[in-house]
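Trainee: Here you go, sequence then predicted model.
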Amino acid sequence: MRNLRLLIVEDEALVAMDLELAASSLGVGDILVAGSCQEAMNLIGEEWIDVAILDIALPDGKSFDAAALLKARGAGIIFHSGHAEPTSLLSEFPGAEVCTKPCGPEEVMAAMQKVLHPGRTDPA
């Protein structure tokens, strides 16, 4: 996972730090953090992203445009939100995972493994 570039889009600093720490402990080599839709779109425009963890409700809107751009570029997507509607999200973003807050960073990291290794049944 050292070559993996992860984007965390989260406006709550403590949640973002927990996710960043959990990803680091899994060996993710490059972690980018954005606290708004605009920051996320800027990073997506400038950087190659392999997988993203997206909070949906952000101070400047919802992260669906960022998710659509990531999907078009083939990045894995994990929605991490208290505002998630899993059925509609998964129909619009097949292959994505949804972690409904509150949940721990371990659950989000497990979802990241599923996105990165679809069909795998053994723990990574």
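Mentor: All right, it came through fine.

Trainee: could you give me the average pLDDT of whichever strand or helix holds M109?
Mentor: Element membership for M109 (DSSP states H and E) is helix 105-116. Mean pLDDT, helix 105-116: 90.

Trainee: Just the buried residues of it, please?
Mentor: Residues 105, 107-115 are the ones in helix 105-116 that count as buried (16 or more other Cβ atoms under 10 Å). Using the backbone N, CA and C atoms, a C-beta is placed for each residue, glycine as well.

Trainee: what helix or strand does L43 sit in?
Mentor: helix 37-46.

Trainee: Could I get the buried residue list for that helix?
Mentor: By neighbour count on 16+ other Cβ under 10 Å, the buried set for helix 37-46 is 37, 39-41, 43-44.

Trainee: hmm, back to that, so what secondary structure elements neighbour the helix holding M109?
Mentor: helix 13-25, strand 51-54, strand 76-81, strand 97-100 (3 or more Cβ pairs under 8 Å, 6 or more residues apart in numbering; DSSP states H and E).

Trainee: got JSON lines for those, with mean pLDDT and mean neighbour count too?
Mentor: Formatted as JSON lines, these follow (pLDDT from 0 to 100; neighbours: other Cβ atoms under 10 Å):
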{"stretch": "helix 13-25", "mean pLDDT": "94", "mean neighbour count": "16"}
{"stretch": "strand 51-54", "mean pLDDT": "97", "mean neighbour count": "27"}
{"stretch": "strand 76-81", "mean pLDDT": "93", "mean neighbour count": "25"}
{"stretch": "strand 97-100", "mean pLDDT": "90", "mean neighbour count": "20"}
